[in-house]
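Enquirer: Predicted model, plus sequence, below.
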Amino acid sequence: MTGWSDLRRELDHWARQGEIPSLWWRDDDAIEASTDLDRAMVLAGAFAVPLALAVIPAQNRLTAADLAGPVTPVQHGYAHRNHAGPNEKKCELGPERRADHVIAELMTGRDALEKAFGDMFRPVLVPPWNRLGAHLPPMLPELGYAGLSRFGARLRSAIGAMRMVNTHVDIIDWKGRRGFIGAEPALAQTIGHLKARREGAVDPAEATGLLTHHRVHDAACWSFLEKLFAVTAEKGIAEWRSAASIFYA
């Protein structure tokens, strides 16, 4: 079984190599102020863990005044609406749609988030369901996007001036009861990516990304996050980086 001692052991391996692993936190599907969003921001502030908040533009009712602590709003597609066929995986920004229609929506959404959040906002695109058509990423730098974030170890770090940094640890059991996936699989994902980076099996420079969805968290999700931050936020063990730092480095 994978436990907290295994995570500490992996962090010790990094320390023995004279390195400090980088991590980052992305929370998806933000649309409005809520007690759960407040709880995420309180955790971010309490442990000094920056939070990249992926906001759905077409549904958004948040403003800069609603955000507190080390929070950076980024763009979560446009409406989080599925346009894929009945037998296809869900996708809003897929190849089944005309590229100009997709781009028009993205630009409308980005403008709305810039108005809502001002200088707090960063033009980093987080595709709903972590999917988008293969034809779109090469277009994004010319449209002014500084970053693209999906799920899984990245195959390349940038397209032009646009950096790509993904998430690798999803704590929600989407195929089951849609609650916490459990400490063992969540830790296994975390340790797995850290170890793969350390051993060179994946890009060692890509920060290990934690993916959460505050709107569906149960008590076990919050308990895991608090323990994870308590273990990793200790100075010198790991470095939790902000969206601004990883996409504008």
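Expert: Okay, I see it. Since we're looking at a predicted model, the values are computed, not measured.
Enquirer: can we go C-alpha only for contacts and neighbour counts from here?
Expert: OK.
Enquirer: Keeping just the C-alphas, turn stretch 109-121 into CSV.
Expert: These are the backbone C-alpha positions of stretch 109-121, laid out as CSV (Å, rounded to 0.1, in the frame of the first residue of the first chain):
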residue,chain,number,x,y,z
GLY,A,109,-14.3,34.3,-22.7
ARG,A,110,-10.9,35.8,-22.2
ASP,A,111,-12.2,39.3,-22.6
ALA,A,112,-14.8,38.6,-20.0
LEU,A,113,-12.3,37.2,-17.5
GLU,A,114,-9.9,40.2,-18.1
LYS,A,115,-12.8,42.5,-17.2
ALA,A,116,-13.8,40.5,-14.1
PHE,A,117,-10.3,40.1,-12.7
GLY,A,118,-8.1,42.8,-14.2
ASP,A,119,-4.4,42.3,-13.6
MET,A,120,-5.0,39.1,-11.5
PHE,A,121,-6.0,37.2,-14.6
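Enquirer: For the remainder of this discussion, apply numbering that starts at 160.
Expert: Done: numbering now begins at 160, and the last item shifts to stretch 268-280.
Enquirer: now the strand of greatest length in the chain, how far from the chain's geometric center?
Expert: The longest strand of the chain (DSSP state E) is strand 181-189. Relative to its parent chain, strand 181-189 has a centroid offset of 3 Å by Cα atoms, centre = their mean, to the nearest Å.
Enquirer: Equivalent analysis for stretch 320-333, please.
Expert: Counting by Cα atoms, centre = their mean, stretch 320-333 comes out at 5 Å from the chain centroid.
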